[in-house]
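Chemist: pasted the sequence and its predicted model underneath.
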Amino acid sequence: MCPGRTPTQILESERNRPAEFGSERRAPDGDMMRDAVRSGFDGPAARSAAEVADDVLDAVGNGRFRIITSGEMRGLVSSRFREIDGATPHD
């Protein structure tokens with residue numbers, strides 16, 4: 001699953017953290033990093049969580065394992081594939 005720019009509450013996931021694990025401990029620059037990541041969720045290529053969910057349901061219903069919901073992910077996916085391919089023994 002590569003959802004691309006999808007504004008969600010993923011950066012607030014500590015809201016689901018079980019109390020027995022205590023509160024989240026962030027590095028001193030954690031909030032700055034979190035804000036930088038959050039700012040990347042918006043933009044012309046951003047798709048809502050509902051749109052991504054529709055893509056996921058369509059992929060699952062049609063037996064597709066890889067779910068890439070945005071063309072902006074092409075470079076990242078291609079780069080990762082080359083990395084995996086390069087690490088695979090060619091017997």
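Modeler: Yep, it's here. Since the model is a prediction, treat every value here as computed from it, not as a measurement. Residues are numbered from 1 along each chain as shown.
Chemist: mind showing which ranges of the chain have poor pLDDT?
Modeler: Judged against pLDDT under 70, the chain has no low-scoring part.
Chemist: if we go to 80?
Modeler: 2-3, 10-11, 24, 26, 37, 40-45 (pLDDT under 80).
Chemist: show me the helices in the chain, by range?
Modeler: 30-39, 49-61, 74-87 (DSSP state H).
Chemist: so which of those helices is the most packed in?
Modeler: Ranked by mean neighbour count under mean count of other C-beta atoms under 10 Å, those are led by helix 49-61, which reaches a mean of 13. For every residue, glycine as well, the C-beta is placed using N, CA and C.
Chemist: show residues contacting that one.
Modeler: 1, 3, 6-8, 65-67, 69 (C-beta atoms under 8 Å, 6 or more residues apart in numbering).
Chemist: now those: which count as buried?
Modeler: For the contacts of helix 49-61, a burial check counting by 16 or more other C-beta atoms under 10 Å picks out 3, 6, 69.
Chemist: need the helices of the chain in JSON lines with distance to residue 16, can you?
Modeler: Below are the helices of the chain laid out as JSON lines (distance: least, C-beta to C-beta, whole Å):
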{"stretch": "helix 30-39", "distance to residue 16": "16"}
{"stretch": "helix 49-61", "distance to residue 16": "16"}
{"stretch": "helix 74-87", "distance to residue 16": "27"}
